[in-house]
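K.L.:
Structure here, sequence nowhere to be found:
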């Protein structure tokens, strides 16, 4: 009983700190993933300190060298150190993975919950807008937007945010439609709680599991869309590096020098998995019903 | 005794496009006196819950008025209506669905208190929540726990604490015990009756279970297809129903006595008419064995017999009571 009481006091607020302690205590996989993500972020920040090479300097005598002590992940077709380029490229790829996912989810959730809760013409307008966005293949839409906005990292962010909100809005709207018929929402209405408060206290918190899953699904999508855009010359421009760009550039050497795509590809995979496991863990911990006693 | 809440010709119709829609509640007029408990009985889908929801505007009425202590409140703007919301609190049927799973018990019980700004700060709110927990027989331990950690009966206690917080004058109980085990039902009913003594609220108690209604009510209203068909004091309604529908409702109630298993009971045959296509005249004439020609043609008026009222052309047992003209 005493321990329950201590636990319930700890559960009182979902502060970042208490969530993290619980994460480490209860879900090893999520904790490891969290550590991996932090490691990647630190590596991106301190890239110049971690490597003796420059990301753009070409050493043509060393082109297509396999991994060795001097070049940990080998060198590419222009003799640039792949490890170094990955460190610098992670700056782009991490930002491109995380930021637009957050922005598009924030936009999508707010629009979705508004459409679902208020219904009527507001619902019709928002959902038709989403239909329009969804009617185009997202790649095509991104290309058109990039073409209109011009290249550059910021425009990549903007494009990815504008492309991905629609599916999130649809899913959150469906969830809202279901939640707003639940008795606890009716109960809040009977008391006279105002609509915005019902949305933020009763509906959105119950959408959290969905939002987290959407977030983890969105990250790889964004990283890969960025790489495709870069490949088409619309995203980050060479010689700048991003993981997607490196995978694409290495494709033609895949049979002779697989390390060109292998390492950046693995980095994408690892970061995607890490976000996925972290998302899973967070979802469990933020849900009081799944909390271990 | 003075009248606490009164409805006049309250109607809720769900329209489907331009066709005539489903009438969930039709032309309901009743008065609830201060301090009394009224049991609202009737089969599933007859509009009991809709009626209660119309009173607190969870659903907006199509027409008709609601009067609170002689003041019309159904046309008040939401801002002013808040003062009356505070006086009418709702207890829901399903204690599993009516508490937000992501809020602590403290926040759940505090929600109405915070909404009506009844206390100056959060500490005062917490103190009040503790008092309320105690009043409904829960431990202070519950404060920072979540609904899923409680049993059905405990959750219904939380629902009651939540409703009790703003000191309502009218408690609307929408089948508060029908989702609970029999043994727990009894505890919750007794708790409600004890709290009623303590806090002096009136109560509109909705149930399809006649034994529950008998246990708690002073008066009973019987509803059928969106209309109240009979109103009267508990014992009289149950022992000598005036409306044939009430009669059959009582007959259909199972007897908890195995020796009476062979007692012949009158059970109605036929189907309930669809609320989207109501019969002409008296709503009950299609199934009523006492129906005469006039029942199919004319809707019966509400007739008064002393303290009782009935919506029927040919009330049962009416020979021993005199109709008093109004």
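P.N.:
Perfect, thanks for sending it. All values derive from a computational prediction rather than experimental measurement.
K.L.:
Three-state assignment for residue B:14, please.
P.N.:
At residue B:14, secondary structure determined by DSSP: H, G, I helix; E, B strand; the rest coil is strand.
K.L.:
Bridged to it, which residues?
P.N.:
Per DSSP bridges, the residues bridged to residue B:14 are residue B:22.
K.L.:
Tell me, how many residues neighbour it?
P.N.:
Using other C-beta atoms under 10 Å in any protein chain shown, residue B:14 has 13 other residues around it. In this view, the C-beta of every residue, glycine as well, is placed from N, C-alpha and C.
K.L.:
Please apply the same query to residue A:30.
P.N.:
23.
K.L.:
Against residue B:80, how distant is it?
P.N.:
50 Å (C-beta to C-beta, to the nearest Å).
K.L.:
same thing with residue B:72?
P.N.:
Here the criterion is C-beta to C-beta. By it, residue B:72 lies 11 Å from residue B:80.
K.L.:
ditto for residue B:303
P.N.:
From residue B:303 over to residue B:80 the distance is 37 Å, taken as C-beta to C-beta.
K.L.:
Those two - which one has more neighbours?
P.N.:
residue B:303 (18 against 9).
K.L.:
got a list of what the more buried one touches?
P.N.:
Contact partners of residue B:303, counting by C-beta atoms under 8 Å, 6 or more residues apart in numbering or on different chains, are B:309, B:310, B:311, B:312, B:315, B:323.
K.L.:
out of the residues you listed, which are buried?
P.N.:
Buried members of those, scored by 16 or more other C-beta atoms under 10 Å in any protein chain shown, are B:309, B:310, B:311, B:312, B:315.
K.L.:
So the first one sits against residue B:230, correct?
P.N.:
Yes: the pair residue B:309 and residue B:230 passes the contact test of C-beta atoms under 8 Å, sitting 7.1 Å apart.
K.L.:
ok, so what distance separates residue B:95 from residue B:175?
P.N.:
The value you get for residue B:95 to residue B:175, if C-beta to C-beta is used, is 11 Å.
K.L.:
cool, residue B:62 as well?
P.N.:
24 Å.
K.L.:
Show me which residues of the stretch 51-200 of chain A are close to chain B?
P.N.:
A:182, A:183, A:184, A:186, A:187, A:188, A:189, A:190, A:191, A:192, A:193 (C-beta under 8 Å from any C-beta of the partner chain).
K.L.:
These: which two are farthest apart?
P.N.:
A:182 and A:192 (17.6 Å; C-beta to C-beta).
K.L.:
Look at the two and report which has more neighbours.
P.N.:
Taking neighbours as other C-beta under 10 Å, residue A:182 and residue A:192 compare with residue A:192 leading, 21 against 17.
K.L.:
Contact partners for that one?
P.N.:
Applying C-beta under 8 Å, 6+ apart, the residues near residue A:192 are B:78, B:81, B:82, B:85, B:86, B:115, B:116.
K.L.:
who wins for neighbours among those?
P.N.:
In the contacts of residue A:192, the most neighbours by other C-beta under 10 Å go to residue B:85, 23 neighbours.
K.L.:
Give me the nearest residue to residue B:151, chain neighbours excluded.
P.N.:
Take residue B:151 and drop its neighbours on the chain: the residue closest to it by C-beta to C-beta, 6 or more residues apart in numbering or on different chains is residue B:184, 7.9 Å away.
K.L.:
Quick check, residue A:114 in contact with residue A:121.
P.N.:
No: if you go by C-beta under 8 Å, residue A:114 and residue A:121 don't touch, sitting 11.9 Å apart.
K.L.:
More neighbours: the two, which one.
P.N.:
residue A:114 (20 against 8).
K.L.:
Which residue would you name as the spatial centre of chain B?
P.N.:
residue B:206 (3.0 Å; C-alpha atoms, centre = their mean).
K.L.:
how about that one, phi and psi?
P.N.:
Dihedral angles of residue B:206 (phi, psi; degrees, to the nearest 10) stand at phi -90, psi 130.
K.L.:
on that earlier part again, got the contacts of residue B:303 as CSV, with distance to residue B:255, pLDDT and secondary structure columns?
P.N.:
Converted to CSV, the contacts of residue B:303 look like this (distance: C-beta to C-beta, whole Å; pLDDT from 0 to 100; DSSP: H, G, I helix; E, B strand; the rest coil):
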residue, distance to residue B:255, pLDDT, secondary structure
B:309, 28, 90, strand
B:310, 25, 91, strand
B:311, 27, 90, strand
B:312, 26, 89, coil
B:315, 25, 87, coil
B:323, 32, 57, coil
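K.L.:
Which strands and helices lie in contact with the helix or strand containing the residue nearest to residue B:151?
P.N.:
Using DSSP states H and E, residue B:184 sits in helix B:182-199. Applying 3 or more C-beta pairs under 8 Å, 6 or more residues apart in numbering or on different chains; DSSP states H and E, we find helix B:182-199 packed against helix B:152-164, strand B:170-174, helix B:210-216.
K.L.:
just the angle between it and helix B:152-164, please?
P.N.:
For helix B:182-199 against helix B:152-164, the angle by axes from the mean of the first three to the mean of the last three C-alpha atoms, to 10 degrees is 20 degrees.
K.L.:
And for helix B:182-199, what's in contact with it?
P.N.:
Residues from elsewhere that reach helix B:182-199 (C-beta under 8 Å, 6+ apart): B:37, B:135-137, B:151-153, B:156-157, B:160, B:164, B:167, B:171, B:173, B:176-177, B:180, B:201, B:203, B:212, B:215-216.
K.L.:
Buried residues in that helix, which are they?
P.N.:
Across helix B:182-199, burial judged by 16+ other C-beta under 10 Å covers B:184, B:185, B:187, B:188, B:189, B:191, B:192, B:195, B:196.
K.L.:
wouldn't residue A:193 be in contact with residue B:114 here?
P.N.:
No: using C-beta under 8 Å as the test, residue A:193 is too far from residue B:114 to be in contact (9.0 Å).
K.L.:
got the residues of the stretch 151-300 of chain B near chain A?
P.N.:
For the stretch 151-300 of chain B, the contact set with chain A under C-beta under 8 Å from any C-beta comprises B:159, B:162.
K.L.:
Run through the bridge partners of the residue nearest to the centre of chain B.
P.N.:
Per DSSP bridges, the residues bridged to residue B:206 are residue B:40, residue B:174.
K.L.:
what's the single longest helix in chain A?
P.N.:
Counting residues, the longest helix in chain A under DSSP state H turns out to be helix A:82-118.
K.L.:
same question for stretch B:93-107, mean pLDDT?
P.N.:
When pLDDT is averaged over stretch B:93-107, the result is 90.
K.L.:
touching chain A at all, that stretch?
P.N.:
Yes: counting by C-beta under 8 Å from any C-beta, chain A is contacted by stretch B:93-107 at B:93, B:94, B:97, B:98, B:99, B:100, B:101, B:102, B:103, B:104.
K.L.:
Tell me if I am right that residue A:235 is in a strand.
P.N.:
No: per three-state DSSP, residue A:235 lies outside any strand segment and is coil.
K.L.:
Next, count neighbours for the nearest residue to it once chain neighbours are set aside.
P.N.:
Once flanking residues are discounted, residue A:235 sits nearest to residue A:229: 3.5 Å by C-beta to C-beta, 6+ apart. For residue A:229, the count of nearby residues is 26 (other C-beta under 10 Å).
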